[in-house]
Each structure stands twice: as C-alpha cells, then as structure tokens.
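Novice: with the input below, show me the fold.
(one chain, ligands or ions: 1)
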Amino acid sequence: SHLKFALSRPEICCAGIFLYGTLPICINKLSGKGNRPDSLSLAMAEPERWTSRGDGEVKLRMGESGFAAEPPLTVDQMFKTAVERFGSYTALGWKEGEQTKTINYQEYYQACRTAAKSFLKLGLERYHGVGILGFNSAEWFISDIAAIMAGGFAVGIYTTNSPEACQYLAENCKANIIVVENHKQLQKILQDKLPHLKAIIQYKDALKEKRPNLYTWAEFMELGRDESNTQLDDIIATQKPNQCCTLIYTSGTTGQPKGVMLSHDNLTWTAFAVGRHVQLTEATKSQEIVVSYLPLSHIAAQMVDIWVTMKVGGATYFAQPDALKGSLVNTMREVRPTAFMGVPRVWEKMQEKMKSVGAKSSTVRRKVAVWAKGVGLKTNLTMARTPVNYRLAKKLVFRKVRKALGLDRCTKCYTGAAPITKDTLEFFLSLDIPVYELYGMSESTGPHTISLPDAFRLTSVGKLIPGCETKIHSPDQEGNGEICFWGRHVFMGYLNQADKTEDALDTEGWLHSGDLGKHDDNGFLFITGRIKELIITAGGENIPPVPIEDAVKEAVSLVSNAMLIGDKRKFLAMLLTIKCQVNGDTGAPEDELTPEAVELCRKLGSNAMRVSEIAGGRDRVIHAAIQEGINRVNENATSNAQRIQKWIILDQDFSITGGELGPTMKLKRPVVMKMYKEQVEHFYKEVVTPSTPDNSLPPK
Ligand SMILES: Nc1ncnc2c1ncn2[C@@H]1O[C@H](COP(=O)(O)OP(=O)(O)OP(=O)(O)O)[C@@H](O)[C@H]1O
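Specialist: Prediction:
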C-alpha cells in the first residue's frame, strides 16, 4: 500500500523522503539514539525496548523456551490466580496488642479492590502516583496493589526521607494521593507545593487534626465499599503486562533519586522466576512464611514480601516499626519464618550482638562454642559433614542458636542489596547458617544472580537466574569488566529521564550495572568493585574505594565507617567515624562510644568514653593506633597512588537519619562530600610533610 501511495502522490512522497532524512536526527535528539519517542512508537506497530514516559509501553524480552517463555501477566492476573489457588490460606498477619490478626488471600484481594475503588473515587488518574510513606503493614501492601489495579503507579517513599525529598518524589510521579503511616510522616507532605495531590490517607493512629481531604484508613475504605465495579474492571481490562505499574526511586548513592519504571511483567515474571529458581514451596504443599521489616520502598523488600510470596501463596507477617532497633528478633521467634532476607547491616548487627552475648558467657560455654564453630565452618565450606562432630555441634550449639534467632525452621537465609564482608558470611557459616547472596538492582526488579544451597561459593553473589543473561563488558586480562544484564526483569526506563535511561541501557538493550565483576570457571559471579564510585586521581589512576575502606575497617576495629577521597586529587585521603551508640528512638548517632569501642580504647591505653574525646586527633593514643592500622593497609597497597596520605576522625558517625547512608546502608558519597567539604578541602590545602601535626603520612 505504501508503494501504491508513492506512485499516486509523488510530491508527498518526496517531501516524506526529505523529512525521513531529517527525522531520525530530531528523534535522536528528543529521545536518545536508536529509540523512537513514544508518540511515534504508538503510531508504529512495535514498542521499543525502553521508554521514559509514564504511559509508555515496551517490547517484552520474551524467550523461546524455559523461564523466559513464561506467559506475561499483569499484577491483577497474577493475584487472581493466587486467589483461585490459595484463597483460604493466610496471606497477611500482624500483631494488634497481644493478638495476631490475619487475612486470607480472598480477603486480601477484596481489600485491594475496595481500596482501588476508593482511590478512583478520590480522583486517582491513570499513570499518576500513589505515594506510600510508612512502615510495613497490611495497609502498605493494600495501597500498593490497589494503586496498580486502579491504573496508577505504586510509589514507596523512604520513611527516613526529609520533607523536601518526599515532596520531590511526590511531584516527580505526579502523586494524586499519598498514604502516610502517622502524624509524623503526614507533616512531611503538608505543603501547598504539590499541584497533583488530591487526598491524603493516614493508616495508623487517630488524626491529630481535621483537614479537608485527609482520611483515616477506615474512612478511606468506606469510600469504595459500595462503589460499582464497572470503572475498576474497565481499567483492569485495559492493563497490559508491558505497561508501567510501579516506580522505585533509587536511594541516591550516585546522585538525585531516579524513578525506576517497573512494568507488570517485570514484577510478575521476576516473582515467578525467583520463586521457581530458589524452589519455594507452594502453599498447597507447605506454606512459606516471611517477616516483612525491610524498607518496602526498596525493590528487595517489595519483591520478597509482596510478589514472590504472593506467587507461591506464602504468608507475610509484619514486624513492629522498631524492628531494627531490637524488636525484630521477638517477631522472628514468634513467626519462625521459612525464608529470611536481610541486608548486610542486619546480618552484621546480629553478628555483633551474638559476639557480645558470647563474650559474657562462661568459659566452658565459650570453649564449646569455639569448637562447634570450627566444626561448622569446616563442614559447611567443604560440604562434607563429618557425621559425629557435626551432629554433636548441632545438638549442643547450632540448634539453640537458630532457635534464639527465630531461624529454627528457616531453610533459606539471604543477603543482598549491598556488599557483605567475608567475615560476616563465615561467622554465620560457622554457626551452620549459610547466608545466600542475591545481587541485582532496582533497575533489574531486584535479583539478577542468586546463590543456592547446591550452587554456593563463599563471597560469590551466585549464578544467574534462568531466563536472564549476563555480559561482562570490556573485560580486562583477569576477566573483570562491567556487569551487564539482560532479561524480563530489566526495567522500562527512568521516568521522564530519557538521557539517564540511555546511559543505563545500551543500544542492544543491555542494562549496564555500573558494577565490576567477573565469573569463575564454574559460572559463579564475583563483584569486584563499583565503576559508579571509582576514584580517578589527578594522576589518572583508577582506584576502587571499597576494598581500601574495608581494609581500614578491618585493621582498626574502632572504626565504624570509612570514606576514601581522592577523585581528581593528587593523593588519597580518608574520612573516618568511630563506633558509637545509636539513639533508640531516632536512629541518630550519639556521642557515647559503644561498649565494644570503650573496651578497645582501654586495651590501647585510652580512657575515652565519647567520640568527641577522640575526633579530630584529640586522643593521641587512639590517633597513633589508627595511624598504625592505616600504615598496615598502606603497606599492602598495590601502588603508591593507592596509599592513604591523610585522614581525619569526624565528630559524628554516618547514619541513615543523618543522610550519609542510604536505606541499605550504602554510602551516599556525594552527600558526605558536601557535608564535609571543608575537611576535604583542608586535606589538600596543607603541604604533606612527615612532621605535619595531623594524621598525614608522607607520600612514599
Ligand atoms: N549482593 C551484593 N553484593 C554487592 N553489591 C551489591 C549486592 N547487591 C546489590 N549490590 C549493589 O547495589 C547496587 C544496586 O542498588 P539499588 O538498585 O538497590 O540502588 P539504591 O540502593 O537505591 O542506590 P542507587 O542510588 O545507587 O541506585 C548494585 O548495582 C550493586 O552495586
């Protein structure tokens, strides 16, 4: 028909050829190389691999067989199937006073439909956000799924966000509705600056003030209770798996948060692939139980607690808001999860706690524990369990430890979202608790590789999830290169950020992770660095900071956080913080040292009790001990450029509340650089000589 048209109207065709020549240039400018803007894509038959438009569609990365060929589903379709198969099984559980309340899959689905109708009644528009700002709860899940069913975007907001950060997100996703946990979170969004906002719902505690368009959870659910189903069903009928339904905002370790657009297929396929790959059991055989406590605005928690659990008909129990301040272990002991996911900091905290309890126990107990841990590590590393010793150690120690942690029926313990140290992995392995690593990013809907009981290498992040692919881009001689992902878990694009999307996805559609890694001969992936935080010195040397920071933390036990500086500078310097107490209510670091740090100071010959007595080199004894540790690290440096020439102890530890750490405890380097600009400038102002009175070490 094109040919026929060209022959009948040659003048239009010539103009068309002219336009056709210039159009690609305009298109490239508008939307990035090789990817048509969506208005044009719509006119053409096939959507492209990515889009940065909220109402855009993408081409699914279907495979011909295996996991990648699984038929695509919308969230509603997956949920309906779960209701058909597991309708009467417990879906969600939570504590109300001393009582545990539960709802089954049938009730859960109906609650989501009611909430979806309420959202529509409040004016939720298609492809607009529903922000959710609060601790994990049934209301959080219901809001999330209802937002999707009603045609909006579910948008989790970190509870630790400042009012400005909350407003930035709400504006960015054109939030029509924001669901908040309590009065404290409500205060963060009570601004006139949100042009799209139509209503706010508070799901915990009584309202402290009445405002138009502010609803309690009960009032909100009442709105949709008797609404007809027509509007909701019409919207659900038009939803497609390749459309966006969830926005995950990156936590900003590498810059301003970006809205990662996840499609229905991203969520439902990843839930299927993970559940199948790690061999979760379906509720009809034996129900999987998880505890929800990690921030739900992060993809790891959402994927495990909401989607994977729904796929297999598991039950999710909610921890208390003060979970990470100490109550988690109580919930764990009550719920006794069958699968448990922690970010590295959670495992580290457990390790610290167990070590300090262990240190106080009797000599005999300690000796038994040391012996058992030796047996545990050896047998788990070699996978050859010496029956007698292992059985005895299990009876005397391992079983008791698992019970105390609430992990007695947990067969799947995971860590992910950030690097974990070998020391922590070995600690748990020695207690016969293998912690399996997951690796991925928001842009890959969570996991890309997973280690499994029968595919496990200490410090490896495991092997690829079937249906996904990994490419190591530009590998060096040792096989180290940028890890790139391919598969149905790869995101749609960053909302309204075509340029940033283009940086992340290459023309063939590979997602560039910004992480360095390599495979061993058996296909295990090892993360060896982060390109996104590589330091390039003024001399042109590329230095990955994390190994040096970890080495310092290991050499000087008093140090809680370390950040290496030196990008575009002549030499390396380091900001250090000291292990201190944390305020139980606010999570803010305090001036008092931890008991462990006080003990370490004593051993070194210092009476320091507070950070302020040590910071800035005030305590000469501690200062000398740290310098000695740093000298040891410097001795192992691979080149002169990799030696730490100067360092300083800061007055305050890094924290999530302070903004220096992201929700998964990854360092927000740009934030720290800004906060300590003066100290950093000071490093580079001074002439480095051996007699410099601060913490300097002369260049070799
Ligand atoms: N098991 C792991 N081991 C080491 N690093 C990991 C692991 N899992 C995730 N990471 C790191 O976390 C990154 C993904 O972070 P995520 O997508 O959760 O973003 P984020 O925490 O919101 O921060 P950002 O602002 O950097 O995107 C990965 O690219 C990798 O650097």
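
Novice: pretty sure Ile578 contacts Ile614?
Specialist: Yes - using CB atoms under 8 Å, Ile578 is in contact with Ile614, at 5.7 Å. C-beta coordinates here come from the backbone N, C-alpha and C atoms, glycine included.

Novice: so for those two, which residue has more residues nearby?
Specialist: Ile578 (29 against 25; other CB atoms under 10 Å).

Novice: give me the distance between that one and the ligand.
Specialist: 25 Å (CB to the nearest ligand atom, to the nearest Å).

Novice: Ile177 now?
Specialist: According to CB to the nearest ligand atom, Ile177 and the ligand sit 23 Å apart.

Novice: list the contacts for that residue?
Specialist: For Ile177, the contact set (CB atoms under 8 Å, 6 or more residues apart in numbering) comprises 119, 122, 124, 129-131, 147, 152, 197-201.

Novice: identify the contacts common to Ile578 and Ile614.
Specialist: What both Ile578 and Ile614 touch, as defined by CB under 8 Å, 6+ apart, is the set Ile649.

Novice: break this structure into its domains for me.
Specialist: 75-239+279-318, 535-684 (the TED database).

Novice: now render those domains as CSV, adding mean pLDDT.
Specialist: Output for those, formatted as CSV (pLDDT from 0 to 100):
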stretch, mean pLDDT
domain 75-239+279-318, 96
domain 535-684, 91
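
Novice: does the closest residue to Met492 other than its chain neighbours count as helix, strand or coil?
Specialist: Nearest non-adjacent residue to Met492, counting by CB to CB, 6 or more residues apart in numbering: Met261, 4.2 Å away. Look at Met261: counting by DSSP: H, G, I helix; E, B strand; the rest coil, its state is strand.

Novice: do Tyr684 as well
Specialist: Under three-state DSSP, Tyr684 comes out as helix.

Novice: that one contacts Arg569, doesn't it?
Specialist: Yes - counting by CB under 8 Å, Arg569 is a contact partner of Tyr684 at 5.9 Å.

Novice: select the longest strand from the protein.
Specialist: In the chain, taking DSSP state E as the definition, the longest strand is strand 511-519.

Novice: highest average neighbour count across the domains of the chain?
Specialist: Burial of these is given as mean neighbour count (mean count of other CB atoms under 10 Å); domain 75-239+279-318 ranks first at a mean of 20.

Novice: ends of that domain, what's the gap?
Specialist: Domain 75-239+279-318 has an end-to-end distance of 22 Å (CA to CA, to the nearest Å).

Novice: from Ser361, how far off is Met354?
Specialist: 11 Å (CB to CB, to the nearest Å).

Novice: again but with Lys603, I slipped
Specialist: Distance of Lys603 to Ser361, computed by CB to CB: 20 Å.

Novice: please apply the same query to Leu604.
Specialist: 25 Å.

Novice: dump the one helix or strand Arg402 maps to to PDB, keeping only the CA atoms.
Specialist: Using DSSP states H and E, Arg402 sits within helix 399-405. What follows is helix 399-405, C-alpha atoms only, in PDB (Å, rounded to 0.1, in the frame of the first residue of the first chain):
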ATOM      1  CA  ARG A 399      20.000 -25.700  67.100                       C
ATOM      2  CA  LYS A 400      20.000 -23.400  70.100                       C
ATOM      3  CA  VAL A 401      21.400 -20.500  68.100                       C
ATOM      4  CA  ARG A 402      18.800 -21.000  65.400                       C
ATOM      5  CA  LYS A 403      16.000 -21.100  67.900                       C
ATOM      6  CA  ALA A 404      17.200 -18.000  69.700                       C
ATOM      7  CA  LEU A 405      17.200 -16.100  66.400                       C
END
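
Novice: given the following helix or strand past that helix, what are its sheet partners and their directions?
Specialist: Later in the chain than helix 399-405, the nearest helix or strand by DSSP H and E is strand 412-415. Strand 412-415 has the following sheet partners, assigned by DSSP bridges: strand 339-342 (parallel), strand 435-441 (parallel).

Novice: the nearest residue to Ser655 once chain neighbours are set aside bridge partners, please.
Specialist: Among residues not flanking Ser655 along the chain, Pro589 sits closest, at 5.0 Å (CB to CB, 6+ apart). Following DSSP bridges, Pro589 is listed with bridge partners Val582.

Novice: point me to the residue of the stretch 51-200 of the chain nearest the ligand.
Specialist: Using CB to the nearest ligand atom, the single residue of the stretch 51-200 of the chain nearest to the ligand is Tyr158, 9.4 Å away.

Novice: return the residues in contact with that residue.
Specialist: 165, 249, 251, 295, 297, 663.

Novice: and the first one, what does it touch?
Specialist: With contact set as CB under 8 Å, 6+ apart, Ala165 has these partners: 158, 257.

Novice: quick one: it is in a helix?
Specialist: Yes - counting by three-state DSSP, Ala165 is part of a helix.

Novice: contact residues of the stretch 501-650 of the chain facing the ligand?
Specialist: 513-515, 527, 530 (CB under 6 Å from any ligand atom).

Novice: then the chain?
Specialist: Close to the ligand, as judged by CB under 6 Å from any ligand atom, the chain has residues 250-254, 416-419, 437-439, 441-442, 461, 513-515, 527, 530, 662, 664, 666.

Novice: okay, and the closest residue to Thr421 other than its chain neighbours sits in which element?
Specialist: In space, and not counting its chain neighbours, Thr421 is closest to Asp550: 6.6 Å by CB to CB, 6+ apart. In the assignment (DSSP H and E), Asp550 maps to helix 545-555.

Novice: how about Ile103?
Specialist: According to DSSP H and E, Ile103 maps onto strand 99-104.

Novice: what's that strand packed up against?
Specialist: strand 90-96 (3 or more CB pairs under 8 Å, 6 or more residues apart in numbering; DSSP states H and E).

Novice: which parts of the stretch 251-400 of the chain are helices?
Specialist: Remark: helices assigned in the stretch 251-400 of the chain by DSSP state H, counting those that start in this stretch are 264-277, 299-301, 309-311, 328-335, 344-360, 363-382, 387-393, 399-405.

Novice: buried residues of the first one, list them for me.
Specialist: It refers to helix 264-277. Under the neighbour-count criterion of 16 or more other CB atoms under 10 Å, helix 264-277 has 264-277 buried.

Novice: rewinding a little: which of the contacts of Ile177 sit farthest apart?
Specialist: Gly152 and Ile200 (15.0 Å; CB to CB).

Novice: okay, the contacts of Ile177 in TSV with secondary structure next?
Specialist: Listed next are the contacts of Ile177 as TSV, based on three-state DSSP:
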residue	secondary structure
Phe119	helix
Leu122	coil
Leu124	coil
Gly129	strand
Val130	strand
Gly131	strand
Ala147	helix
Gly152	coil
Leu197	coil
Lys198	coil
Ala199	strand
Ile200	strand
Ile201	strand
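
Novice: which residue sits closest to Asp408 in space, ignoring its chain neighbours?
Specialist: Excluding its sequence neighbours, the residue lying closest to Asp408 (CB to CB, 6+ apart) is Arg402, at 4.6 Å.

Novice: doesn't the residue of the stretch 51-200 of the chain closest to the ligand fall inside a strand?
Specialist: No - applying three-state DSSP, one finds Tyr158 to be coil, outside a strand.
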